[in-house]
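**Student:** when you get a sec, could you give me coordinates for this:
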Amino acid sequence: MNQPMKKTRSFRHLNQFDRDRIEALLEEGHLQKEVAEILGFNPGAISREKKRQRKNGVYDATTAQAKANVKRSGSKYQGMKIKVSAP
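**Tutor:** Sure, this is the predicted structure:
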């Protein structure tokens, strides 16, 4: 019996550089869809990041990274390598 191969999801976490670029591009007036295309992320990821990481109603990369670090420090898998498969 042949079983179909499971597809592994390919993703990567946003890092400080990505967050800085998001902040700069949004300040320049780019749409989140354009930001996603430039950085190579799904538009939904940019939307969620933008929605969650606001400071006084404006996206702030430094605050976003600090919050991500806090979330990651409480994670069970904080030291595990995240497998990223090539498309």
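
**Student:** so Ala45 makes contact with Ala36?
**Tutor:** Yes. At 7.1 Å, Ala45 and Ala36 qualify as touching, with contact defined as Cβ atoms under 8 Å. All C-beta atoms are positioned from the backbone trio N, CA, C, and that covers glycine.

**Student:** would you verify that Ala68 is located in a strand?
**Tutor:** No. Assessed with DSSP: H, G, I helix; E, B strand; the rest coil, Ala68 is helix; it does not lie in a strand.

**Student:** so it makes contact with Asp18?
**Tutor:** No. Proximity of Ala68 to Asp18 does not meet the contact threshold set by Cβ under 8 Å, at 10.5 Å.

**Student:** show me which of these two is the more surrounded one.
**Tutor:** Asp18 (21 against 18; other Cβ atoms under 10 Å).

**Student:** so who does the more buried one touch?
**Tutor:** Going by Cβ atoms under 8 Å, 6 or more residues apart in numbering, Asp18 touches Leu39, Phe41.

**Student:** just the element for it, please.
**Tutor:** helix 16-27 (DSSP states H and E).

**Student:** likewise for Ile46?
**Tutor:** Going by DSSP H and E, Ile46 is part of helix 43-52.
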